[in-house]
Every structure is written in C-alpha cells, then in structure tokens.
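**Q** model this:
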Amino acid sequence: MLSTNAYLALSVFLCVYGIIISEKIHRTKIALLGAVGIILLKVVSQEEAVKAIDFNTLGLLIAMMIIVAITRQTGIFQFLAVKSAKAVDGQPAQIMIVFFAFTAIASAFLDNVTTVLLLTSITFPIAAILEINPIPFLIAEILASNLGGTATLIGDPPNIMIGGATGLTFNDFALNLTLPVMISSIVTCWLLYLIYRKDLVVSPEKQASVMTLNEYEFLSNPALLRKSLFVLMLTMIGFVAHGSLGFESATIAMAGAAILLLVSGMEPEEVCREVEWSTIFFFIGLFILVGSLDITGIIKLVAEWGLSLTGGDMVAMNFLILWLSAIASAFIDNIPFVATMIPLIKAVAQIGNVDVTSMWWTLSLGACLGGNGTIIGASANVVVASIAAAHGRPISFGYYFKVAFPLMLVSIVICNIYIYMIYLR
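**A** Numbering: from 1, shown residues only. Sure thing, here's the model as predicted:
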C-alpha cells in the first residue's frame with residue numbers, strides 16, 4: 001500500500017513531466033518548481049533532496065562545457081569543417097558524408113549541442129556557395145550528433161547520467177557501445193545518401209567555388225589552440241585511465257577545465273557565461289524529483305511490475321527497455337526519461353537478484369538513438385531546427401519525422417540484434 005507521500009511524489013512528478021512534454025513552460029523552471037514543491041510538501045527533507053543530486057554528473061557536464069567554451073574561441077572546429085569540404089573537392093554528396101562523419105566523431109568527445117552549433121555555422125555558408133538546400137546537411141548533422149554521442153561516457157547527457165549512477169567508466173562505454181554505433185552510423189549515412197543523392201548535384205563551377213575558401217582564416221588564436229588541444233588530450237587520457245587511477249570522471253574533467261582556465265588567460269566570468277546553467281539546474285530539479293519517487297517506494301513498485309510483466313526473463317526485459325526507451329525518447333526529452341529509468345533498473349537488480357549490466361547499454365542505446373526520431377527528441381535537434389528557421393529554412397515536424405523516424409527504427413533494430421548477440425544469447 002502506497003503512502004500519502006508516495007502519491008504526492010507521483011502526482012508532482014507526472015505534473016512536471018506533462019508540462020515538460022507540452023513545452024508550455026521552460027523545462028528548467030518547472031523542474032525546479034517541482035523539486036521545491038516536493039520539499040515544501042515534506043515528501044522528502046532538504047537533506048534527502050541534496051543526497052539525491054548526482055554531483056558527479058553535474059561536475060562532468062560543467063567541466064566539459066568550460067573546456068569546449070574555451071576551445072571554441074580558437075576556430076578549430078570551423079577550420080576542420082572547411083578542410084573536410086575541400087578534401088572532397090566540394091562535391092555536395094561527399095560533403096554531407098564528411099560532415100556526418102565529422103559530427104559523429106566530434107560528438108563522441110564533445111557534447112552534441114556544441115558540435116551541431118559549430119557545424120551549422122559553416123554549413124549555411126557552404127550551402128550558399130553551392131546554391132543548394134542545406135536541409136540534407138542539417139538532418140545528417142542532427143542524426144550523426146546523436147549517434148556519435150552514444151558511443152562514449154561524455155558524448156550525451158543520458159550516458160553521463162548512467163555513468164554517474166553506476167560507476168561505469170569511459171572505457172566501459174567505448175568498448176560496449178562503439179561497435180553498434182559504428183554499424184548504425186554507416187547504415188544511416190548510406191540511407192541518407194540514397195534519400196538525398198538527387199538533391200546534392202551541382203555544377204563543376206559551384207564545386208570549384210568551395211575550393212576558394214581559406215580554412216586558415218578561421219584559426220583566430222594559435223597559442224590558445226595549442227593549449228586547448230594539449231589539455232583536451234590530457235583530459236581524454238584521463239578519461240581512459242580514470243578507472244584504474246581511482247578517480248571519478250568528474251574529477252578528471254574538472255582538472256582539465258581548471259588547468260585550461262588557468263593557462264588560457266580568459267576571465268572566469270567570460271567562460272562561465274558559456275556554460276548552459278539552465279541545463280545544470282534542470283538536472284538538479286530532476287534528480288530531486290526522481291529521488292522522491294525512489295524514497296517513497298514508487299520506483300520499487302514499478303520495478304516489481306516490470307519483473308512480473310516479463311516473468312524476470314532477461315531477454316524480454318532488455319528488449320522492453322530498448323524499445324520503450326527509443327519510442328519514448330523520440331517524443332519526450334530523453335534526460336527525464338533516463339533519470340527515471342536509472343533507479344528503476346537498480347531496483348530490478350535488487351529485487352530480482354540479477355546482473356543488469358546489459359540493461360545499462362540497452363538504456364543508453366535506446367534513449368540516445370531514440371532522440372533521432374523526431375525534431376523534439378533531443379536538444380541537438382531543437383537547436384538545429386531553431387538555427388534553420390532563423391536562416392529561413394524551417395524544418396517541419398512532419399518532414400523531419402518522415403525522414404528520420406524510419407532511420408531511427410533501423411538503428412534500433414541493429415542495436416536489438418547487437419544486444420541479443422553479445423549479451424543475451
């Protein structure tokens with residue numbers, strides 16, 4: 001029998017979740033309001049609320065935002081984009097493929113919103129020079145950002161949350177998720193080429209115009225570039241070794257951010273303005289809301305229901321999590337969904353006394369790749385759509401859905417086969 005506090009926690013959570021989906025109120029405002037409401041209603045104490053916040057996740061996010069904010073000042077990302085376009089002689093179809101690959105790889109090591117912001121800044125000028133529709137490039141970059149971000153601990157917020165909650169390392173994510181991400185990326189890119197190949201044809205004169213761009217004009221601060229790349233390299237090495245070193249991923253990232261902030265010569269106030277504080281506070285509110293469900297027993301109840309529904313069968317549970325995560329994350333933000341699923345999977349492990357390691361990979365693949373399904377499925381999608389609209393090239397929900405949702409389903413089928421073959425057979 002659930003307590004009054006459990007019903008209150010569930011009611012507030014569902015209300016907040018519904019408003020987040022409706023987008024009537026900014027998600028950070030309603031998440032914080034819900035979290036404060038939970039404490040004011042005495043569903044949880046302030047001490048319990050603070051304990052529910054995953055500071056490893058927050059520390060990692062803030063630190064990587066600082067590193068990227070400083071590195072972005074050097075122009076290196078735009079330099080690489082133009083260099084890549086020139087490497088394929090300005091051929092539009094090949095540019096789309098190169099941008100897809102570049103976005104996927106960059107999103108594995110930077111947050112995907114930052115990656116698409118950098119790529120779109122050069123996509124529109126190149127499309128204008130070639131006099132072609134930039135939409136194929138933009139959709140390719142959206143899909144690639146969510147695909148690439150799935151491969152590592154730091155690539156996508158759901159992975160950062162899973163890593164923070166489970167202690168899984170950077171190496172664990174890379175070893176278990178790189179292969180399905182690579183296969184899904186290759187298939188998705190090939191299908192995109194088939195869809196848009198007729199739209200990506202221009203005259204040789206237009207191709208030649210791309211070759212006139214000078215990529216070195218984008219490199220604005222060589223000294224800072226050297227410092228940024230050196231610190232970024234050290235941070236990546238730290239991520240690879242953090243498990244054996246005995247440090248949390250947030251500690252490694254914060255060390256990199258602190259060193260780069262020191263050697264860059266930039267003022268902290270200037271850099272901190274680039275941190276997405278609304279996202280950070282959204283996480284804080286969300287952690288408290290989900291923590292209230294855990295403390296009041298809601299999570300345990302749902303876990304017991306999941307076990308009874310699947311009969312405790314690991315194959316059925318993994319498939320249920322994969323497809324539920326993918327479909328749900330296509331229509332709602334994957335961050336609150338993953339925040340809810342993490343304690344749920346932990347409860348399944350405790351109640352069923354089973355090893356749920358495969359479920360973490362299943363959750364990551366479903367939530368991250370499911371975000372490709374609609375234009376509102378992930379933050380990177382919304383950002384690109386906003387930029388496209390500002391440039392007079394709006395991407396409608398229906399058009400994006402028609403192209404991307406089937407591609408998302410293909411990637412989930414690939415992951416379904418991978419999960420079964422590697423972990424469940």
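
**Q** got the phi/psi numbers for the residue nearest to the spatial centre of the chain?
**A** For the chain, the residue nearest the mean C-alpha position is D156 (2.7 Å; Cα atoms, centre = their mean). With angles defined as degrees, to the nearest 10, D156 shows backbone torsions of phi -150, psi 140.

**Q** okay, the nearest residue to it once chain neighbours are set aside: pLDDT?
**A** Spatially, and ignoring its direct neighbours in sequence, D156 is nearest to G149 (3.5 Å; Cβ to Cβ, 6 or more residues apart in numbering). Bear in mind the C-beta positions are built from the backbone N, C-alpha and C, glycine included. According to the per-residue confidence, G149 scores 91 in pLDDT.

**Q** repeat for H242
**A** H242 is assigned a pLDDT of 69 by the prediction.

**Q** about what we covered before: so the residue nearest to the centre of the chain versus L219, what's the distance?
**A** Counting by Cβ to Cβ, to the nearest Å, the gap between D156 and L219 amounts to 28 Å.

**Q** G366 too?
**A** Distance check for G366 against L219: by Cβ to Cβ, it reads 39 Å.

**Q** ok, these two, which is more surrounded?
**A** Neighbour comparison, G366 and L219: the larger count goes to G366, with 32 against 14 (by other Cβ atoms under 10 Å).

**Q** in this structure the more buried one contacts C415, no?
**A** Yes. Under the criterion of Cβ atoms under 8 Å, G366 lies in contact with C415, with a separation of 7.5 Å.

**Q** can you show me the helices along the stretch 251-400 of the chain?
**A** With helices called from DSSP state H, counting those that start in this stretch, the stretch 251-400 of the chain shows them at 268-272, 277-295, 298-310, 314-331, 334-352, 357-370, 379-390, 397-419.

**Q** what does the stretch 1-150 of the chain give?
**A** Assigned helices in the stretch 1-150 of the chain, in chain order: 4-22, 27-40, 46-52, 55-72, 76-87, 92-109, 112-130, 135-149 (criterion: DSSP H, counting those that start in this stretch).

**Q** helices and strands around the second one, which ones?
**A** I take that to be helix 27-40. Using 3 or more Cβ pairs under 8 Å, 6 or more residues apart in numbering; DSSP states H and E as the contact test, the elements touching helix 27-40 are helix 4-22, helix 46-52, helix 277-295.

**Q** packed most tightly, which of these would that be?
**A** With neighbours taken as mean count of other Cβ atoms under 10 Å, these reach their highest mean count in helix 277-295, at a mean of 22.

**Q** just the mean pLDDT for it, thanks.
**A** For helix 277-295, the mean per-residue pLDDT is 85.

**Q** show residues contacting it.
**A** With contacts defined as Cβ atoms under 8 Å, 6 or more residues apart in numbering, helix 277-295 is touched by 9-10, 12-13, 16, 26-28, 30-35, 38-39, 43-44, 48-49, 51-54, 57-58, 61-62, 157, 299-300, 335-336, 339-340, 342-343, 379.

**Q** could you report the separation of V187 from S411?
**A** In this structure, V187 lies at 7 Å from S411, with Cβ to Cβ as the measure.

**Q** likewise Y420?
**A** Using Cβ to Cβ, one obtains 15 Å as the distance from Y420 to S411.

**Q** can you list the buried residues in stretch 28-47?
**A** The neighbour-count check on stretch 28-47 (16 or more other Cβ atoms under 10 Å) flags T28, I30, A31, L32, L33, G34, A35, G37, I38, I39, V43, V44 as buried.

**Q** quick one: average pLDDT of that stretch?
**A** Within the predicted structure, the mean pLDDT of stretch 28-47 is 92.

**Q** kindly report the same for stretch 102-117.
**A** Across stretch 102-117, the per-residue pLDDT values average to 82.

**Q** just the CA trace of it, in CSV.
**A** The C-alpha coordinates for stretch 102-117 follow below in CSV (Å, rounded to 0.1, in the frame of the first residue of the first chain):
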residue,chain,number,x,y,z
PHE,A,102,33.0,14.7,-38.5
THR,A,103,29.8,15.4,-36.4
ALA,A,104,29.6,11.8,-35.2
ILE,A,105,33.3,11.6,-34.1
ALA,A,106,33.2,15.1,-32.6
SER,A,107,30.0,14.3,-30.7
ALA,A,108,31.7,11.3,-29.0
PHE,A,109,34.1,13.7,-27.3
LEU,A,110,32.2,16.9,-27.0
ASP,A,111,28.6,17.5,-26.1
ASN,A,112,26.4,17.1,-29.2
VAL,A,113,24.7,20.5,-28.9
THR,A,114,28.1,22.2,-29.1
THR,A,115,29.1,20.1,-32.1
VAL,A,116,26.0,21.0,-34.1
LEU,A,117,26.4,24.7,-33.2
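
**Q** what's in contact with it?
**A** Taking contacts as Cβ under 8 Å, 6+ apart, the residues outside stretch 102-117 that touch it are 61, 64-65, 68, 72, 77, 80-81, 84, 118-119, 140-142, 144-149, 151-152, 154-157, 181, 185, 232, 236, 276, 378-380, 383-384, 387.

**Q** if we go to 6 Å?
**A** Stretch 102-117 is touched from outside by 68, 84, 119, 141, 144-145, 147-149, 151-152, 155, 185, 379-380, 383-384, with contacts defined as Cβ atoms under 6 Å, 6 or more residues apart in numbering.

**Q** check stretch 140-159 too.
**A** Where contact means Cβ under 6 Å, 6+ apart, the residues beyond stretch 140-159 that reach it are 64, 96, 100, 103-104, 107-108, 112, 115-116, 119, 163, 170, 173-174, 177-178, 181, 184-185, 188, 192, 334-335, 338, 364, 367-369, 371-372, 378, 380-381, 384.

**Q** indicate which one of the helices of the stretch 251-400 of the chain is closest to S203.
**A** helix 379-390 (24.7 Å; Cβ to Cβ).

**Q** in the closest one, which residues are buried?
**A** Buried positions in helix 379-390, judged by neighbour count with 16+ other Cβ under 10 Å: S379, A380, N381, V382, V383, V384, A385, I387, A388.

**Q** over to stretch 351-371?
**A** Under the neighbour-count criterion of 16+ other Cβ under 10 Å, stretch 351-371 has 352, 356, 358-371 buried.

**Q** tell me how far the residue nearest to G155 when sequence neighbours are not counted lies from I21.
**A** On the basis of Cβ to Cβ, 6+ apart, the spatially nearest residue to G155 that is not a chain neighbour turns out to be G149, at 3.5 Å. Applying Cβ to Cβ, the value for G149 to I21 is 22 Å.
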